[in-house]
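S.K.: Below is the structure, and that's it, no one-letter string:
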């Protein structure tokens, strides 16, 4: 039960951070190099997290050996950390540059 709660929490936090970043950033030109570097990894990870949440909801979560659990939670926490840094750094950028509209350069 605790395994499922931690898994849902980590996936939910990552999905919320990626959706929040994309909602704030609103990329307009997806195929420019700047947008690919800034947004595509967030989009890909967000889709991966959404898929994982759906699959865990359908199949349920069954823990494996301790090393598998540690590796899974460690990787999810690391990716969540990257997504949260991306989200909060973009919030800080918006606060410091209120006059600059987000552009795709």
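M.R.: Received the coordinates, thanks. Everything quoted here is computed from the prediction, not taken from an experiment. Residues are numbered from 1 along each chain as shown.
S.K.: Please tell me how far residue 2 sits from residue 55.
M.R.: Distance check for residue 2 against residue 55: by C-beta to C-beta, to the nearest Å, it reads 19 Å. (Glycine included, C-beta is placed from N, CA and C.)
S.K.: Please identify which of the two sits among more neighbours.
M.R.: residue 55 (12 against 7; other C-beta atoms under 10 Å).
S.K.: tell me the SS of the more buried one?
M.R.: Residue 55 falls in the helix class when you classify it by DSSP: H, G, I helix; E, B strand; the rest coil.
S.K.: Against residue 97, how distant is it?
M.R.: 39 Å.
S.K.: show me what contacts residue 22?
M.R.: Contact analysis of residue 22 by C-beta atoms under 8 Å, 6 or more residues apart in numbering lists 39, 42-43, 46.
S.K.: what comes into contact with stretch 61-69?
M.R.: Here stretch 61-69 has contacts from 3-4, 7-8, using C-beta under 8 Å, 6+ apart.
S.K.: buried set for the helix or strand bottoming out on mean pLDDT in the chain?
M.R.: Least confident element among the helices and strands of the chain, by mean pLDDT, DSSP states H and E: helix 33-35 (a mean of 71). Neighbour-count burial for helix 33-35 flags residue 35 (criterion: 16 or more other C-beta atoms under 10 Å).
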